[in-house]
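> Starting from these lines, generate the structure:
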Amino acid sequence: MHRSAALLEDLSLETTARDAATLVARAADVPVGTRVSITHLSTESAAERREAAAAAGRVRLVPVPHLAARRVASEAELRATLEGLRAHHAQERLFLVGGDPRVAAGPYGSALDVVTSGLLPAAGVIEVGIAGYPAGHPAIGDAFLGAALRDKAAAIADQGLAGTITTQFSFDAEAVAQWIERVRETGIDLPIRVGVPGPAGVRRLVAFARRCGVATSAGIARKYGFSLASLAGTAGPDRFVADLAGRLEAAHGDVRLHLFTFGTLDAAIDWAVRARRCSVPRIVENGH
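Sure, this is the predicted structure:
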């Protein structure tokens, strides 16, 4: 199997509750068992996220609801959230983030606090996803990020849970491969899903990159396949995926892709269908 094809195997998607209807409508184009992350947006309610997760499950996809620790106001709310997901058969896999608020609404200041609460196994959670930042974080130093990743990986194992790491998206395949190497050197062997943006307008990509603190220098943008001098047109992850695949070796461990949709779920699914059929290198070379 070509390395690009291996990366595309078990590709996961990230979407929002409001895109649940589109996901259901396009379910025939998404392989059974595909993981679908449902983001924790402040503009969507817990009920909407639960229903989106349930909808994914009904079309034989695997829901992965996000939970933002600093948005949880109390232990009672965390218990209720987990119980609500369980009632919708969507509790087995969670993705935990600290969340945007600078000040925690309750006792959970980080994803680690939720893991060490001890509530997850009893609620039927079997796997916890955590975030990785190959390009760093605009508000958190690299040393702290590295220590936090190790602490969360250890705590997940201590709770008897499986773990995965999903990275923030990046435009620099070389930097991502090097980051994975550093993670493996610390002894973390969790599967890693590398975040990539689905096809989107260049202006939209740059806006999301700035919002997330992702580097977009002229050189990096050019390697990815767009120019900062002109924000017209669209860009997809073809070149990035082929570049990353060429850099991965056995020492990088279990590495897959996670497709951020940025409000363009239809386009992301279309890209995934085409990429699986043609293989990424062929798409890049022939311009399909």
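> Walking through this structure, point out its helices one by one.
Here the chain has its helices, by DSSP state H, at 3-8, 20-25, 46-58, 75-87, 111-115, 119-122, 142-158, 173-185, 202-212, 218-224, 238-247, 265-278, 280-286.
> any idea which of those helices is most buried?
helix 111-115 (a mean of 24; mean count of other CB atoms under 10 Å). In short, each C-beta sits where N, CA and C put it, glycine included.
> which residues touch it?
67, 69, 72, 78, 96-98, 107-108, 120, 128, 130-131, 148, 151-152, 155-156, 159, 161 (CB atoms under 8 Å, 6 or more residues apart in numbering).
> Export that helix to PDB, keeping only CA atoms.
In PDB, the C-alpha atoms belonging to helix 111-115 read as follows (Å, rounded to 0.1, in the frame of the first residue of the first chain):
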ATOM      1  CA  ALA A 111      -8.600  18.400  29.600                       C
ATOM      2  CA  LEU A 112      -6.400  16.700  32.100                       C
ATOM      3  CA  ASP A 113      -8.700  17.800  34.900                       C
ATOM      4  CA  VAL A 114     -11.600  16.000  33.100                       C
ATOM      5  CA  VAL A 115      -9.600  12.800  32.600                       C
END
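> thinking again about what came up before, nearest approach to residue 14 belongs to which of the helices of the chain?
When the helices of the chain are compared by CB to CB, helix 265-278 sits nearest residue 14, at 8.9 Å.
> report the angle between the axes of that closest one and helix 238-247?
Here the directions of helix 265-278 and helix 238-247 differ by 50 degrees (axes from the mean of the first three to the mean of the last three CA atoms, to 10 degrees).
> Tell me where the model's unsure across the chain.
The chain contains residues with pLDDT under 70 at 1-5, 213, 215, 229, 279-288.
> Tell me which residue lies nearest the centroid of it.
Centroid-nearest residue in the chain: residue 166, 4.6 Å away (criterion: CA atoms, centre = their mean).
> Specify the beta-bridge partners of the residue lying closest to it once chain neighbours are set aside.
Distances taken as CB to CB, 6 or more residues apart in numbering put residue 193 closest to residue 166, at 4.4 Å, once the chain neighbours are dropped. Residue 193 has these beta-bridge partners by DSSP bridges: residue 166, residue 256.
> same thing with residue 15?
Assigned bridge partners for residue 15, using DSSP bridges, are residue 38.
> Can you name the residues that contact it?
Contacts of residue 15 by CB under 8 Å, 6+ apart are 22-23, 36-39, 52, 261, 265.
> One more: residue 198?
Residue 198 neighbours (CB under 8 Å, 6+ apart): 236-237, 259-262, 264-265, 267-268, 271-272.
> Quick one: distance of stretch 220-231 to the chain centre.
Relative to the centre of its chain, stretch 220-231 is centred 23 Å away, using CA atoms, centre = their mean, to the nearest Å.
> Please disregard the earlier target; I meant stretch 136-154.
The mean C-alpha position of stretch 136-154 is separated from the chain mean by 16 Å, CA atoms, centre = their mean.
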